[in-house]
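Colleague: Need coordinates for the below:
(3 chains)
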Amino acid sequence: MPHDTLALAKTLIGLVLVRDARAGLCAGKIVEVEAYVGNDPASHAYRGQTSRNRSMFLEPFRAYVYRIYGTSFCFNVTAQSEGEGEAVLVRALEPLEGLPLMMERRGTQRMRDLCRGPGRLCQALSIDSNDDGQDLIGSADLYLADARFASPLIRKSKRIGITKAAHRHLRFYERGNPFVSGPKHLNP
DNA sequence: TAGGCGATGCTCT
DNA sequence: GAGCATCGCCTAG
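Modeller: All right, here's what the predicted structure looks like:
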């Protein structure tokens, strides 16, 4: 798995994020991510390390989980090397395993709404601040797996929901996948 | 089905 | 006190 943030972002598309909790196993294929790189005003790491973004500066393949808008969590995979503060935000999953559990956590029966959006996928997989800093390779309850799907057709676009450096094309998604989030004009 | 908008609470300045 | 890597509800078509 590459350490370089952009290469990692593309590699993550098609991998499976697995949550093996006491309540049951849930898993989904990653279909949409955004890269947050060095010297990027939109990145939480841009103004240096704080208590909030501490785990973003850990070694690669750790979880960086934070609360956004008071209501939701966002899940990132750290990249580059320790101290750099680069990461890839996972924005959407295609649900594969544990659908009934995800539906229960999300309070909806609609497949498409289970993991479509960063806050939603965290709720569906029960990812919260307890998972911040988690090792995503060695861990047994939250980890990345290679399911060997056919190589997805990856496209890129502007990132979603940010105001700073919004023009940079650092969002990557699987073309044509209905579980990708965001407005239609960003998903050609 | 798509788009607009208000609620939400934490973090940083 | 302002801003925010969002969500769900509501309305229009």
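Colleague: so does the helix or strand hosting A:C122 get close to DNA strand B?
Modeller: Secondary structure from DSSP states H and E places A:C122 in helix A:118-124. No - counting by CB under 7 Å from any atom of the strand, DNA strand B has no neighbours in helix A:118-124; the shortest distance is 10.1 Å. C-betas here are computed from N, CA, C, even on glycine.
Colleague: If you count contacts, what does that helix end up packed against?
Modeller: Under the contact criterion of 3 or more CB pairs under 8 Å, 6 or more residues apart in numbering; DSSP states H and E, helix A:118-124 touches strand A:24-36, strand A:63-68, strand A:72-79, strand A:86-97, helix A:99-106.
Colleague: Quick check, the residue in chain A closest to DNA strand C?
Modeller: A:G161 (2.0 Å; CB to the nearest atom of the strand).
Colleague: Next up, the contacts around that residue.
Modeller: Shown in contact with A:G161 (CB atoms under 8 Å, 6 or more residues apart in numbering): no residues.
Colleague: Per-residue pLDDT of it, please?
Modeller: With respect to pLDDT, A:G161 scores 88.
Colleague: Can you say which helix or strand has it in it?
Modeller: Going by DSSP H and E, A:G161 is not in any helix or strand.
Colleague: hmm, back to that, okay if I get the helices and strands packed on helix A:118-124 as JSON lines plus mean pLDDT, mean neighbour count and distance to A:L125?
Modeller: JSON lines is the format used below for the helices and strands packed on helix A:118-124 (pLDDT from 0 to 100; neighbours: other CB atoms under 10 Å; distance: least, CB to CB, whole Å):
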{"stretch": "strand A:24-36", "mean pLDDT": "95", "mean neighbour count": "24", "distance to A:L125": "5"}
{"stretch": "strand A:63-68", "mean pLDDT": "94", "mean neighbour count": "18", "distance to A:L125": "11"}
{"stretch": "strand A:72-79", "mean pLDDT": "95", "mean neighbour count": "24", "distance to A:L125": "8"}
{"stretch": "strand A:86-97", "mean pLDDT": "95", "mean neighbour count": "24", "distance to A:L125": "8"}
{"stretch": "helix A:99-106", "mean pLDDT": "92", "mean neighbour count": "17", "distance to A:L125": "7"}
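Colleague: Now render those as TSV, adding distance to A:A42.
Modeller: Below are those laid out as TSV (distance: least, CB to CB, whole Å):
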stretch	distance to A:A42
strand A:24-36	7
strand A:63-68	13
strand A:72-79	13
strand A:86-97	10
helix A:99-106	27
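Colleague: Compare these and give me the one nearest A:S157.
Modeller: Each of these has some distance to A:S157 by CB to CB; the shortest is strand A:24-36, at 9.6 Å.
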